[in-house]
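K.L.:
with the input below, show me the fold.
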Amino acid sequence: MVRYRSTDPDSIVREAQRLRELGLVEGVHFTVKMPEGGGKGYVSILREGLERAAWFSVHGSGDQQKLAAEFVGYILQRAGEKGREVYEKAKRVVEEVRARGALSLTDIKGLR
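P.N.:
I've put the predicted structure just below:
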């Protein structure tokens, strides 16, 4: 899971909207918690969200494919900042999904 945190509600809304534009679904691929009482809120990308974004990075159309590829690259970069083990785990998820290029998204759910 990758988590973006902020005390700014507009930032949380903006990031959630960006994920929706990629084709990700709140509650399935990511979760959102709005900041309360000056605390931080967050947008969490679930494994299913990374899987779906990786699939779109290869099989999406037009802007969706480009945005998904950039998103996956960003997630791998951030995972690398957290350490080699985190990076390798994220990379493995991405590679598994991309290797199964001919499978449908329903088939990809079985990769866990």
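K.L.:
please count neighbours and contacts with C-alpha atoms only from this point.
P.N.:
OK.
K.L.:
and stretch 67-83, which residues are buried?
P.N.:
By 16 or more other CA atoms under 10 Å, the buried positions in stretch 67-83 come out as 67-69, 71-73, 75-76, 79-80.
K.L.:
for that stretch, the distance to its chain's centre please.
P.N.:
Stretch 67-83 sits 9 Å away from the centroid of its parent chain (CA atoms, centre = their mean, to the nearest Å).
K.L.:
check stretch 85-96 too.
P.N.:
Relative to its chain's centre, stretch 85-96 lies at 13 Å (CA atoms, centre = their mean).
K.L.:
how about that stretch: buried residues?
P.N.:
Of all the residues in stretch 85-96, those buried under the rule 16+ other CA under 10 Å are 86-87, 90-91, 93-94, 96.
K.L.:
now, which of these lie within helices?
P.N.:
Secondary structure from DSSP state H places 86-87, 90-91, 93-94, 96 of these in helices.
K.L.:
which one of those is nearest Thr31?
P.N.:
Comparing these against Thr31 with CA to CA places Ala90 closest, at 18.2 Å.
K.L.:
good, wrapping up.
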